[in-house]
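**Q** pasting a predicted model and its sequence here:
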Amino acid sequence: MGGVGMTASADITEAQRRAARVAASTDIRDVRLLKSCAEITGLPAADSTLIYDLNSGAKVEYEPGSEAFVVRSSYSLSIMPATDAARAPRDSPEVIAKIEFEHAALFVFSLAEGDHPPTAEELSAYAVTTGQFALHPYARQYIYDVTGRLGLPPLTVGVMTLPAAEPALQEHVKPRKEKV
């Protein structure tokens with residue numbers, strides 16, 4: 001699965017640290033689908049195994065002084081037939097379906113008296129950590145529904161994961177193969 005705008009586990013750990021104050025005083029109030037584009041670009045063979053590549057990114061919208069902010073998360077999903085050893089490997093597999101969409105979530109925060117409003121850095125960190133985690137189940141459901149409506153096997157996307165924060169843990173983490 002694709003990243004959320006940060007590539008190293010140290011960057012994610014730092015973003016989680018920066019987002020902690022916002023996360024402690026924030027609740028989600030609304031989620032909406034802002035845009036969507038889904039298309040079949042080819043048909044899979046009847047017995048083929050499909051794989052997918054999912055990328056996402058998040059950004060925040062906030063008016064200073066407001067008690068609410070919006071996290072917008074965009075997603076790009078490509079579905080391809082899996083290659084096997086009997087077939088010649090290709091540099092880039094043939095994409096048979098593409099789905100691009102954007103969700104937005106309204107978050108409200110209730111600061112304790114005397115607390116200063118969140119900084120732009122805190123809100124951006126929140127968007128790529130907690131905000132992404134909050135929106136991911138909505139994205140999973142949407143992908144499952146749309147792939148079925150496209151006539152493909154309904155795709156259950158895995159849960160959102162982050163890289164292991166400790167180098168000692170990273171050696172025990174193996175990448176998942178993502179298949180439909």
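**A** Yep, that arrived. These numbers come from a predicted model, not from an experiment.
**Q** can you pull out the helices in this protein?
**A** Listed in chain order, the helices of the chain (DSSP state H) span 9-24, 120-126, 132-149, 167-170.
**Q** run a quick neighbour tally on residue 157.
**A** Applying other CB atoms under 10 Å, we find 21 residues neighbouring residue 157. Where C-beta positions appear, they are placed from N, C-alpha and C, glycine not excepted.
**Q** out of the helices of the chain, which one sits most buried?
**A** helix 120-126 (a mean of 20; mean count of other CB atoms under 10 Å).
**Q** ok now stretch 63-72, how far from the chain's centre?
**A** Its chain's C-alpha centre and that of stretch 63-72 lie 20 Å apart, by CA atoms, centre = their mean, to the nearest Å.
**Q** also stretch 43-62?
**A** On CA atoms, centre = their mean, the centre of stretch 43-62 falls 10 Å from that of its chain.
**Q** could you do stretch 139-148 as well?
**A** 13 Å.
**Q** ok, residue 16 - contacts?
**A** By CB atoms under 8 Å, 6 or more residues apart in numbering, residue 16 lies in contact with 125, 129, 130.
**Q** would TSV of those with distance to residue 19 and pLDDT be doable?
**A** Shown next, in TSV, are the contacts of residue 16 (distance: CB to CB, whole Å; pLDDT from 0 to 100):
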residue	distance to residue 19	pLDDT
125	4	94
129	5	92
130	6	93
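**Q** tell me which stretches of this protein form strands.
**A** Per DSSP state E, the chain carries strands over the ranges 26-40, 50-62, 68-81, 97-109.
**Q** and among those strands, the most buried is which?
**A** Counting by mean count of other CB under 10 Å, strand 68-81 has the highest mean neighbour count of these, with a mean of 20.
**Q** got the CA positions of it in CSV?
**A** Provided in CSV are the C-alpha atoms of strand 68-81 (Å, rounded to 0.1, in the frame of the first residue of the first chain):
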residue,chain,number,x,y,z
ALA,A,68,-13.1,22.7,13.4
PHE,A,69,-10.9,21.6,10.5
VAL,A,70,-11.1,19.3,7.5
VAL,A,71,-8.8,16.5,6.5
ARG,A,72,-8.9,15.7,2.8
SER,A,73,-7.5,12.3,1.8
SER,A,74,-7.0,11.4,-1.8
TYR,A,75,-6.7,7.8,-3.0
SER,A,76,-5.4,6.2,-6.2
LEU,A,77,-5.9,2.5,-6.8
SER,A,78,-4.6,0.4,-9.7
ILE,A,79,-5.7,-3.2,-10.2
MET,A,80,-3.5,-5.5,-12.3
PRO,A,81,-3.2,-9.2,-13.2
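**Q** nothing else from me, thank you.
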